[in-house]
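Asker: got a predicted model here, sequence first, then my questions.
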Amino acid sequence: MTSLARLAPSPVWSFRPDGSVRDLAAPDPLEIDFFAMANGLSKLARFSGSNPGIAYSVAQHSVMGAEAAFKETGDATLAALFLLHDGEEHLLGDKSSPAQALLVGTLVAHTTQSSAVAADYAWDKIKYKWREAGFMAACLGIPGRDTWSAIEDYDRRMLNAEMLALFGLAARAQQVPVNNSAPLKLKGGIRPWAAMKAEERFVEAAHRFIGEDRVIEQRAIHAAHVALNP
C-alpha cells in the first residue's frame, strides 16, 4: 500500500487512540483504521454543534448520505466513497464552511489576496490528501471527475436537507444549488443520533459498502503499522 507525498518537510505529530503519534504531514493509507474513523466522526459535530439538542455528527451525515446514494443508484462504490468523503476529519477536525470563509476573508483584509488563496489551497490539499488515503485504504481508488461531481452533489443535497431538518424553515434562505433537486431517498428522518449509535451505524455501513473483510483486514494492517512505527 503506497503512501502519498509529504505535505510539509517537518513532522506534525498527532495522537493515535493508543497514545502513540502519527505524522499528519505524511498522508498514508496505513494510518487509516475505519473503526477509529467511525469513533472519531461520531464525536464531531456538523454546523459547529449549533443545532438545538444533541449534536448532529459527521458520522451520521456520512452514513445517511451513503445510504441515500445507494438507494437512488444501487452503486455500492459511490456509497462507499460518500461514506468516506469526510473521513479525514477524524484526524484533522471539522473546520466549518463559515469558519473557513472567515479565515479567508480575514487574510484578504489584513494580508494579501495571494496569502488568502494560498491558505485556502493549503487546507484543501491537506484534506484531500488524507481523504485519498482513506479511499486507498478501502481499495476504492481515486474518484474521477464525474464521480467527484456526484459525491459533491449528494453532499450539497444532504446539506440542504439537514439545514431544514435541524434549523427549520428559516434555514431555507441558506440552501445551496444542486444538480439534482429531487428529495433525497433517506432512510428515516434527520434526527441527531447519540455518538454511540452514529459510531455503530458507520461501522455497519462500512461493512456493507466497503466490505467486512476489507474493513477488518485494514484494521490488522493498521495495527501492524502502528506496532512497527510507535
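Answerer: Done, it's in. Numbers count the residues shown, from 1 in each chain.

Asker: for residue 33, give me its contacts.
Answerer: 218-219, 222-223 (Cβ atoms under 8 Å, 6 or more residues apart in numbering). Where C-beta positions appear, they are placed from N, C-alpha and C, glycine not excepted.

Asker: of the residues you listed - the most surrounded one?
Answerer: Greatest neighbour count in these, by other Cβ atoms under 10 Å, goes to residue 218: 24 neighbours.

Asker: give the contact list for that one.
Answerer: 32-34, 137-138.

Asker: let's see that with 10 Å instead.
Answerer: With contact set as Cβ atoms under 10 Å, 6 or more residues apart in numbering, residue 218 has these partners: 1, 29-30, 32-35, 134, 137-139, 206, 210-211.

Asker: hmm, which of those residues are the buried ones?
Answerer: 29-30, 32-35, 134, 137-138, 206, 210-211 (16 or more other Cβ atoms under 10 Å).

Asker: which of the residues you listed lies closest to residue 10?
Answerer: Nearest to residue 10 among these is residue 30, at 20.0 Å by Cβ to Cβ.

Asker: these two touch, right, that closest one and residue 219?
Answerer: No - with contact defined as Cβ atoms under 10 Å, residue 30 does not count as touching residue 219 (11.5 Å).

Asker: pull up the gap between the residue nearest the centre of the chain and residue 46, please.
Answerer: Centroid check for the chain by Cα atoms, centre = their mean gives residue 86 as the closest residue, at 0.7 Å. Applying Cβ to Cβ, to the nearest Å, the value for residue 86 to residue 46 is 9 Å.
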